[in-house]
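# predicted model, plus sequence, below.
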Amino acid sequence: MALRIHLNAAVALVLSSVLAACSSAPKQPEWIDKPDAEYPAHTHLAAIGSADNRPLAADRAVSNLSKIFEVAVAESSLDFSSAQLSSTGGQQVSSNEQKVTRSVSTEAKQVMSGAQVVEYWESEEDARIYALAILAKQPAANRFRKSITTSDREINELVNYATSKAGNPLVALKALKKAHGLQLERDQLNKNLMVVASGQGVDGRYDLPAIEKLIRDGLSTLKIAVKADDPSVKAELQKAISDLGITTAQQSNLVLQGTLDTAPVEARQNWYWLRGSYELIFFDGSNVLDKQRWPIKVSSTEQNLLKQRARDEINRNLPQYVFDMLSSAPN
């Protein structure tokens, strides 16, 4: 009888130890499923990350926080590589289809320096560590507004210079191209601001369509003569200039010379390859303003298709080549 009492007491002691251990197991914090549970959404952005160790969990939490700022980012230069012509009032008008990529803006990454990892929790079930990252909205909004103000000032100065002070259309184009790039960055800043300012952005004096119109208007004032030894190269260059809205002239101080050089066709593993380069030289009278060269490489299982594929590639990119040269030539 005494033995049974001792055994029962031992079992009770083991059970109580197990129950105590279970009751002392850490409870999953609320922020795991609701990152904004402890930091209200109207004052903070919050995100979690998980990994097998603390540093990686923290990095992932901050990375997830930065993805909230993921927006469309256009390239810094105007993209005329897909320029198309439409008819408006009997006149041909060049339209530009901008290519965009999706990424976190540079400014957003800079603002992420204000992010803090404020909580950690380790799950005993899967041995993963969770981290909570937060970003206070008001300081971030202040930084965005400050950057927007700086961008607006620079854009206004560039547009004013291009429209009233530039010595010639090429100088104006260079300023407008820079203004266009700044406007792209400014638009991104404004989108980021709206994330942390309850959808409230800052209106600017200019927008992308307005600056692009100024660029098209500037291109339309140019008269450029085309020079090439190969009649096909000359015709393609004339078409690229027309696609940009530029007037082609028989005689002009401004001359674009195009040259296509190709190497002998190579045959490898049932494929034919054609390599070469396309060179543009921009003259003002006898002075060379700029010279640029672009590589060409095309392939085909049929050798007779190589030349046409090379010309298709050139024609697709030539308006962009011309615009980049005109808007960056030293003068």
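Thanks, I have it.
# drop to CA atoms for contacts and neighbour counts, all remaining ones
OK.
# those strands in the protein, which residues are they?
Listed from the start of the chain, the chain has strands (DSSP state E) covering 44-51, 71-74, 84-88, 91-95, 100-103, 116-122, 129-136, 223-227, 247-248, 254-262, 266-268, 271-284, 287-300.
# okay, those in TSV with mean pLDDT next?
What follows is these, written out as TSV (pLDDT from 0 to 100):
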stretch	mean pLDDT
strand 44-51	94
strand 71-74	44
strand 84-88	41
strand 91-95	41
strand 100-103	41
strand 116-122	95
strand 129-136	96
strand 223-227	95
strand 247-248	94
strand 254-262	94
strand 266-268	93
strand 271-284	95
strand 287-300	93
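# save those as a markdown table, and put in distance to Val171 and mean neighbour count too.
A markdown table is the format used below for the strands of the chain (distance: least, C-alpha to C-alpha, whole Å; neighbours: other C-alpha atoms under 10 Å):
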| stretch | distance to Val171 | mean neighbour count |
| --- | --- | --- |
| strand 44-51 | 44 | 22 |
| strand 71-74 | 24 | 18 |
| strand 84-88 | 26 | 12 |
| strand 91-95 | 21 | 15 |
| strand 100-103 | 27 | 11 |
| strand 116-122 | 46 | 16 |
| strand 129-136 | 43 | 24 |
| strand 223-227 | 15 | 20 |
| strand 247-248 | 18 | 17 |
| strand 254-262 | 14 | 19 |
| strand 266-268 | 43 | 11 |
| strand 271-284 | 13 | 18 |
| strand 287-300 | 12 | 15 |
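# quick one: which of those strands is nearest Val202?
Smallest distance to Val202 across the strands of the chain (C-alpha to C-alpha): 16.9 Å, for strand 71-74.
# in the stretch 1-150 of the chain, where is pLDDT below threshold?
Along the stretch 1-150 of the chain, the parts satisfying pLDDT under 70 run over 1-26, 70-110.
# which residues in it form helices?
Residue ranges of the helices in the stretch 1-150 of the chain, as given by DSSP state H, counting those that start in this stretch, are 2-24, 54-66, 106-111, 137-164.
# returning to that earlier point: okay if I get the strands of the chain as a markdown table plus distance to Asn192?
A markdown table is the format used below for these (distance: least, C-alpha to C-alpha, whole Å):
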| stretch | distance to Asn192 |
| --- | --- |
| strand 44-51 | 12 |
| strand 71-74 | 8 |
| strand 84-88 | 32 |
| strand 91-95 | 28 |
| strand 100-103 | 12 |
| strand 116-122 | 18 |
| strand 129-136 | 13 |
| strand 223-227 | 41 |
| strand 247-248 | 40 |
| strand 254-262 | 42 |
| strand 266-268 | 50 |
| strand 271-284 | 40 |
| strand 287-300 | 36 |
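# for Ser327, find the nearest of these.
Of all the strands of the chain, it is strand 287-300 that lies closest to Ser327, at 10.5 Å by C-alpha to C-alpha.
# now do that closest one: everything it contacts.
The set of residues that contact strand 287-300 without belonging to it, under C-alpha atoms under 8 Å, 6 or more residues apart in numbering, is 271-283, 306, 309-310, 313-314, 325, 329-331.
# name every strand pairing with that strand and say which way it goes.
Strand pairing for strand 287-300, using DSSP bridges, gives strand 271-284 (antiparallel).
# rewinding a little: so which of the strands of the chain comes closest to Arg153?
strand 71-74 (20.8 Å).
# contacting residues around Trp273?
By C-alpha under 8 Å, 6+ apart, the contact set of Trp273 is Val265, Glu266, Ala267, Lys297, Val298, Ser299, Ser300, Leu306.
# farthest pair within those?
The largest distance within these, taken as C-alpha to C-alpha, falls between Ala267 and Lys297 and amounts to 13.3 Å.
# rewinding a little: can you list the contacts of Trp273 in TSV and add distance to Tyr161?
Putting these into TSV (distance: C-alpha to C-alpha, whole Å) gives the following:
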residue	distance to Tyr161
Val265	49
Glu266	51
Ala267	54
Lys297	40
Val298	42
Ser299	46
Ser300	49
Leu306	46
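# brilliant, that's me finished.
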